[in-house]
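> structure, please.
(one chain, ligands or ions: 1)
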Amino acid sequence: MDLRDTPEEAAFRAELRAWLEENLPGSLRGHRGGAARFDEPEMRAWSRALYDAGYAGLTWPKEYGGGSAPYTHQAIFLEEIARAEAPPHIGVIGLGMAGPTIMAHGSEAQKQRHLAPILSAEEIWCQGFSEPGAGSDLAGVRTTARLDGDHFVVDGQKVWSSFAHIADWCILVTRSDPESSRHAGLTYLIVDMHAPGVEVRPLRQITGEAEFNEIFFTGVEVPAENVLGEIGEGWQVAMTTLLHERGTLGFALQAALEVQIRKLVALAQDRGADALQRDRIAHEWSELQALRFTNARSLSQLVKTGIPGPEGSIAKLVWSEANQRVTKLALELLGPDAPLADGNAPYGGYWQYQQLRSRGNTIEAGTSEILRNIVAERVLGLPKSR
Ligand SMILES: Cc1cc2nc3c(=O)[nH]c(=O)nc-3n(C[C@H](O)[C@H](O)[C@H](O)COP(=O)(O)OP(=O)(O)OC[C@H]3O[C@@H](n4cnc5c(N)ncnc54)[C@H](O)[C@@H]3O)c2cc1C
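Predicted coordinates:
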């Protein structure tokens, strides 16, 4: 695979770079990640601007409002957004997970109803997979969906649901067959977050922000036509969602890590670094180059098959652990200034925030232990752990 841009890709990149230069509001530049700021009106306006310029859903079919562009354009888009330190489109779950799952398993009516408002940022989605007793082990889901005539009645609790406080829709994994256990008897539903019986309670995390939530469902009525895929086959549909969750983000993560390491180099130049610390910075830079090649392999797989491969797990694993090391090293370089809080901290508390937020990166979208299991079994072909 030739890793350089083709002339056509280079033109797309240059056009996008110029557009970002001209259109990214100064107040959003240097957006520090996390979903906490996503309820601000300027985030919705920014997402709408991306949509109007044709940058939302680049690879989605034109008939549903997308750009029918090749995956390489999406990779370039994610890279350039990260390099410009621009916030992502507000529809993180809609674009990355709900939309691709609806395209793969949804009815024509579901595609017509839901895809365009995701792109235009008119409707926000959240993901209701994790429960107090089902995180890594998603097959432990206990939220029930009981079929009653032409609708399901949903009862139960989800947890750690990012964006639920601003969401209009939820992709929900439920147990529809009370006699079933594990992977069987699950049904994947599209749930209206404004329906009676849906209660969202924000959870505060280590950064002090509240990005994710508990969701309680009490007798929530969901029309039977909102089943995604077939009744009882929710596990297969959920696997499509998880492949997409990790599969297409590699380039954004790699570019974000590059930005972070460049900032670390600037910090080291500013504050000084001893020989061992310089060695560690060089090590992080080398790891980044390896990640670049893994992502290229992933992309060539995606271009060939249209389905993200398990390599996406490597990118997420490598990025999340590297980001924790990089931000920890930055705090070491800050020395006695490291414990200072926001207003008093050097560089506006950037590094303190980054280190605290990075703790969640090795948990969300699959913990490091789970991703290592996936790499061992599905990339390397080692025997199953259970
Ligand atoms: C910032 C953030 C955002 C999130 N957003 C969402 C969201 O929008 N929607 C949603 O549904 N969920 C979300 N989650 C939840 C996330 O998916 C779960 O936290 C994650 O899957 C782990 O599940 P758990 O917390 O129940 O931990 P557990 O599954 O209980 O794991 C506990 C520990 O045991 C280890 N472990 C578990 N099983 C194994 C195994 N088989 N082999 C080796 N080690 C194992 C884990 O690695 C971990 O260290 C989010 C989490 C975070 C931190």
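
> and the residue of the stretch 51-200 of the chain found nearest the ligand, what does it touch?
Of the residues in the stretch 51-200 of the chain, the one nearest the ligand is Gly135, at a distance of 1.8 Å by CB to the nearest ligand atom. Every C-beta, even on glycine, is put in place using the N, C-alpha and C of the backbone. Applying CB atoms under 8 Å, 6 or more residues apart in numbering to Gly135 gives the contacts Trp160.

> with Tyr347 as the reference, measure out to it.
Computed as CB to CB, to the nearest Å, the Gly135 to Tyr347 distance reads 34 Å.

> over to Leu20?
Going from Leu20 to Tyr347 by CB to CB gives 23 Å.

> Pro132 too?
For Pro132 relative to Tyr347 (CB to CB), the value is 38 Å.

> work out for me the element Ala75 sits within.
Using DSSP states H and E, Ala75 sits in helix 71-83.

> only C-alpha atoms, please: export the worst-scoring helix or strand of the chain on mean pLDDT in CSV.
Lowest on mean pLDDT, DSSP states H and E among the helices and strands of the chain sits helix 234-247, with a mean of 87. Provided in CSV are the C-alpha atoms of helix 234-247 (Å, rounded to 0.1, in the frame of the first residue of the first chain):
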residue,chain,number,x,y,z
GLY,A,234,-29.6,-8.4,19.3
TRP,A,235,-26.1,-9.9,20.0
GLN,A,236,-25.2,-9.9,16.3
VAL,A,237,-26.4,-6.3,15.9
ALA,A,238,-24.5,-5.2,19.0
MET,A,239,-21.3,-6.7,17.5
THR,A,240,-21.7,-4.6,14.4
THR,A,241,-21.9,-1.5,16.7
LEU,A,242,-18.8,-2.4,18.6
LEU,A,243,-16.7,-3.1,15.4
HIS,A,244,-17.6,0.4,14.2
GLU,A,245,-17.0,2.0,17.6
ARG,A,246,-13.3,1.0,17.5
GLY,A,247,-12.9,0.5,13.8
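
> strands along the protein, start to end?
Using DSSP state E, the strands of the chain run over 125-128, 144-148, 151-162, 169-175, 186-192, 198-203, 212-223.

> let's have those in TSV, adding distance to Ser298, mean neighbour count and mean pLDDT.
Shown next, in TSV, are these (distance: least, CB to CB, whole Å; neighbours: other CB atoms under 10 Å; pLDDT from 0 to 100):
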stretch	distance to Ser298	mean neighbour count	mean pLDDT
strand 125-128	22	28	97
strand 144-148	34	17	98
strand 151-162	23	21	98
strand 169-175	23	26	98
strand 186-192	25	24	98
strand 198-203	32	15	97
strand 212-223	27	19	98
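
> turn those strands into TSV, columns for distance to the ligand.
Converted to TSV, those look like this (distance: least, CB to the nearest ligand atom, whole Å):
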stretch	distance to the ligand
strand 125-128	4
strand 144-148	16
strand 151-162	3
strand 169-175	8
strand 186-192	13
strand 198-203	10
strand 212-223	5
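
> possible to save those as CSV with distance to Gly234?
Converted to CSV, the strands of the chain look like this (distance: least, CB to CB, whole Å):
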stretch, distance to Gly234
strand 125-128, 12
strand 144-148, 9
strand 151-162, 12
strand 169-175, 5
strand 186-192, 3
strand 198-203, 19
strand 212-223, 13
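
> more neighbours: which of Leu20 and Tyr347?
Using other CB atoms under 10 Å as the criterion, Leu20 and Tyr347 rank with Leu20 on top: 20 against 15.

> what residues are up against that one?
Taking CB under 8 Å, 6+ apart, we find Leu20 in contact with Glu80, Ile81, Ala84, Ala86.

> dump these into a markdown table; add pLDDT and distance to the ligand as well.
Shown next, in a markdown table, are the contacts of Leu20 (pLDDT from 0 to 100; distance: CB to the nearest ligand atom, whole Å):
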| residue | pLDDT | distance to the ligand |
| --- | --- | --- |
| Glu80 | 94 | 25 |
| Ile81 | 93 | 20 |
| Ala84 | 93 | 23 |
| Ala86 | 93 | 21 |
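
> most neighbours among these, which one?
For these, the largest number of neighbours (other CB under 10 Å) sits with Ile81, at 23 neighbours.

> so that one touches Ala252, yeah?
Yes - if you go by CB atoms under 8 Å, Ile81 and Ala252 touch, sitting 6.9 Å apart.

> and for these two, which residues touch both?
Common neighbours of Ile81 and Ala252, using CB under 8 Å, 6+ apart, are Pro88.

> give me every residue in this structure lying close to the ligand.
The chain comes close to the ligand at residues 126-130, 135-137, 160-162, 212, 360, 363-364, 367, 369-370, 373, as judged by CB under 6 Å from any ligand atom.

> can you rerun that using 5 Å?
Counting by CB under 5 Å from any ligand atom, the residues of the chain lying close to the ligand are 127, 129-130, 135-136, 160-162, 212, 360, 363-364, 367, 369.

> can you name the two of the residues you listed that sit furthest apart?
Spatial extent of the residues of the chain next to the ligand (CB to CB) is set by the pair Ser161 and Glu369 at 21.8 Å.

> just the pLDDT at the residue of the stretch 51-200 of the chain closest to the ligand, thanks.
At Gly135, the pLDDT value in this model is 95.

> that older thread, just the C-alpha atoms of the helix holding Ala75, please, in PDB.
What follows is helix 71-83, C-alpha atoms only, in PDB (Å, rounded to 0.1, in the frame of the first residue of the first chain):
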ATOM      1  CA  TYR A  71     -12.800   5.600   3.300                       C
ATOM      2  CA  THR A  72      -9.500   7.300   2.700                       C
ATOM      3  CA  HIS A  73     -11.300  10.700   2.700                       C
ATOM      4  CA  GLN A  74     -12.800   9.800   6.100                       C
ATOM      5  CA  ALA A  75      -9.300   9.000   7.400                       C
ATOM      6  CA  ILE A  76      -8.000  12.300   6.100                       C
ATOM      7  CA  PHE A  77     -10.900  14.100   7.600                       C
ATOM      8  CA  LEU A  78     -10.300  12.600  11.100                       C
ATOM      9  CA  GLU A  79      -6.600  13.400  10.800                       C
ATOM     10  CA  GLU A  80      -7.100  17.000   9.900                       C
ATOM     11  CA  ILE A  81      -9.800  17.600  12.500                       C
ATOM     12  CA  ALA A  82      -7.400  16.300  15.200                       C
ATOM     13  CA  ARG A  83      -4.500  18.300  13.800                       C
END
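
> many thanks, have a good one.
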